[in-house]
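Novice: predicted structure and sequence below. I'll ask about it afterward.
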Amino acid sequence: MRPGDQLLTIAGHAVRDPIDFQFYAADDFIAVTLKRGEERICFTVDAQEETWFGVEFEEVTYRSCGNHCVFCFVDQNPKKLRDTLYFKDEDFRLSFLYGNYVTLTNMGLRDLKRIATQRLSPLYLSVHSSAWPVRKKLLGIRRDDHLLDKLAFLAKAGIEMHAQIVLCPGWNDGVHLDQTIDDLACFYPALQTIAIVPVGLTGHRRGLPRLVAVSAEYAAELIAWERMRCASFLRRWKTHFIYLADEFYLLAGQVLPRAKRYENFAQIENGVGMTRAFLDQFNRQKRWLPRQIAPKSITLVTGQMAAPVIQKQILPVLERIEGLSVQLIAIENRFYGGGVSVSGLLTGGDIATQLQGRALGELVVLPPNCLNHDGVFLDDWNLAQLEKVLQKPVFKPESNFAEILRIAKKI
C-alpha cells in the first residue's frame with residue numbers, strides 16, 4: 001500500500017471508514033483490492049500472526065446534527081470562533097471511538113445493524129427525555145425518532161450503553177425525569193449508567209428559548225431525589241445506576257461523594273466524579289511532595305466553580321511546604337458570560353486580562369483542561385501569547401503537583 005491509494009474492498013467488503021478496515025482486517029487471510037491511479041490492484045495478506053498495516057486514512061467526514069436542541073451549547077458560542085467549534089457532530093462512530101454523545105435521531109436500521117454486527121460498543125447516548133412530546137420540544141425535532149425501539153435493538157444485540165440527561169428546569173424534570181429513568185431502567189444491564197448534568201447557559205442566547213439555570217436549592221433537591229431513586233437500584237442490581245454531575249454538589253455546597261459512589265467512573269469525561277478523582281489523586285500523591293524547597297512563589301489559575309474546593313482541600317497541603325508560596329486566582333468567564341464557571345471553558349484572553357499587572361510569582365499554573373491537544377484555548381490564544389502578555393512562564397500540568405514543583409525549581 002502506498003500514499004494516495006484508494007482502498008476499495010477488504011475481505012470482500014467495501015470500506016467506508018477506518019472502523020470497517022479494522023473490523024474486516026481481523027481475519028486470518030485477507031483479500032485486499034485497491035485503486036492506484038487508473039490501476040486496480042488485488043492481493044492477499046496472510047495475517048495469522050499479529051499484523052500491523054501501518055495505514056493512515058484521510059480525515060473522515062462525520063455526520064452533523066440536524067436537531068435544534070433548546071440547550072445546545074454550540075448555539076451559545078460567541079461569534080468569530082474557529083469553524084470546528086460550530087460543528088455539531090451526531091455520528092455513532094464518534095461515540096464509539098471517542099465517547100461523544102449522540103441522540104440517535106438520525107440513525108436508521110442499517111446503522112443499527114452495523115453497530116450490532118461490528119460490536120461498536122460502548123456507545124454514549126444523549127437521551128434527555130424518553131417521552132416523545134418532551135423530546136419534540138427539547139430536541140427541536142418534528143418526527144418521532146422511536147428512541148425506545150432503537151435502545152431495545154441495541155440492548156438485544158448486547159451493546160453496552162451509557163446515557164446522559166441534560167436537565168433543564170421546567171422542561172424535562174419532575175414527573176418527566178422519573179418517567180425517563182423508569183423507561184431507561186428497562187434496558188439494564190445493557191444500558192449501564194445514566195448521568196444527569198445541569199444545563200449550561202452562556203451570555204449568548206439571543207433569539208434562543210428561555211431556559212432557567214440550576215440554583216443551589218434546586219441542586220439540593222435533586223441530590224435528595226437521586227439518593228431516593230438510587231436506593232431501589234442498589235437493592236435490585238447492586239449499582240446506583242444514576243450519577244449526578246459534580247456541579248450539582250458544588251452548587252448545593254454539599255460534600256462530594258466518595259469514589260466508591262461512582263463505581264467505575266464510567267462517565268467521568270461528562271463531569272461525573274471528575275472532582276472526586278482529582279482530589280483522590282492529589283491525596284495519593286501528596287506523600288511524594290517535598291517538605292521544603294528553595295523559596296518559590298506560584299499562582300494557580302482555576303474556574304470559579306472549582307476554586308472553593310481547591311482553596312479548602314489543596315492549598316492547605318501546599319502551604320505546609322516550607323519555602324513555597326501559593327496564591328489561587330479564580331477567573332471570571334467573561335468570554336462566555338452567563339453562568340459558565342467551569343475551568344475547562346476558560347479562555348486565554350480572560351486569563352490574560354485578569355492576571356495582567358498582578359504579582360504572580362515565578363510560575364503561573366493553568367488547569368489542564370482549558371487547552372486542546374494543540375495547546376490552543378477556545379479563543380485561539382496559545383501559551384506563548386499568554387506568556388508574552390504576563391511576562392511569566394505559564395505551565396499546564398499533565399499529571400500531578402510534584403510535576404509543578406519540579407518546573408518551579410528550574411525557574
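Specialist: Now that the structure is in, tell me what you want to look at. Numbers count the residues shown, from 1 in each chain.

Novice: got the contact list for Arg205?
Specialist: Gln76, Leu211, Gly338 (Cβ atoms under 8 Å, 6 or more residues apart in numbering). (Each C-beta comes from the backbone N, C-alpha and C, glycine too.)

Novice: my error: substitute Val74 in the last question.
Specialist: Per Cβ under 8 Å, 6+ apart, neighbours of Val74: Leu85, Tyr86, Phe87, Lys88.

Novice: show me the contacts for the first one.
Specialist: Right, the one you point to is Leu85. Here Leu85 is in contact with Val74, Asn77, Leu378 (Cβ under 8 Å, 6+ apart).

Novice: same list (those residues) but as a markdown table, adding pLDDT.
Specialist: Converted to a markdown table, the contacts of Leu85 look like this (pLDDT from 0 to 100):
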| residue | pLDDT |
| --- | --- |
| Val74 | 96 |
| Asn77 | 96 |
| Leu378 | 96 |
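
Novice: in JSON lines, list the residues you listed along with distance to Ile310.
Specialist: Shown next, in JSON lines, are the contacts of Leu85 (distance: Cβ to Cβ, whole Å):
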{"residue": "Val74", "distance to Ile310": "29"}
{"residue": "Asn77", "distance to Ile310": "27"}
{"residue": "Leu378", "distance to Ile310": "21"}
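
Novice: which members of those occur in helices, if any?
Specialist: Using DSSP state H, no member of those sits in helices.

Novice: of those residues, which is the nearest to Ile115?
Specialist: Of all these, Val74 has the smallest distance to Ile115: 24.9 Å, by Cβ to Cβ.

Novice: distance check, that closest one against Ile141.
Specialist: 16 Å (Cβ to Cβ, to the nearest Å).

Novice: next, count neighbours for the nearest residue to Leu355 once chain neighbours are set aside.
Specialist: Excluding the flanking residues, the one nearest Leu355 by Cβ to Cβ, 6 or more residues apart in numbering is Leu390, at 5.8 Å. Leu390: 18 surrounding residues under other Cβ atoms under 10 Å.

Novice: which parts of stretch 371-380 are buried?
Specialist: Buried residues in stretch 371-380, counted by 16 or more other Cβ atoms under 10 Å: Leu371, Phe377, Leu378, Asp379.

Novice: before we move on, the earlier item: of the contacts of Arg205, which is the nearest to Phe401?
Specialist: Distances from Phe401 to the contacts of Arg205, taken by Cβ to Cβ, are shortest for Gly338, at 31.2 Å.

Novice: show me the contacts for that closest one.
Specialist: Gln76, Leu201, Thr202, Gly203, His204, Arg205, Ala213.

Novice: can you rerun that using 6 Å?
Specialist: Gly338 is in contact with Leu201, Thr202, Gly203, counting by Cβ atoms under 6 Å, 6 or more residues apart in numbering.

Novice: Gly357 too?
Specialist: Contacts of Gly357 (Cβ under 6 Å, 6+ apart): none.
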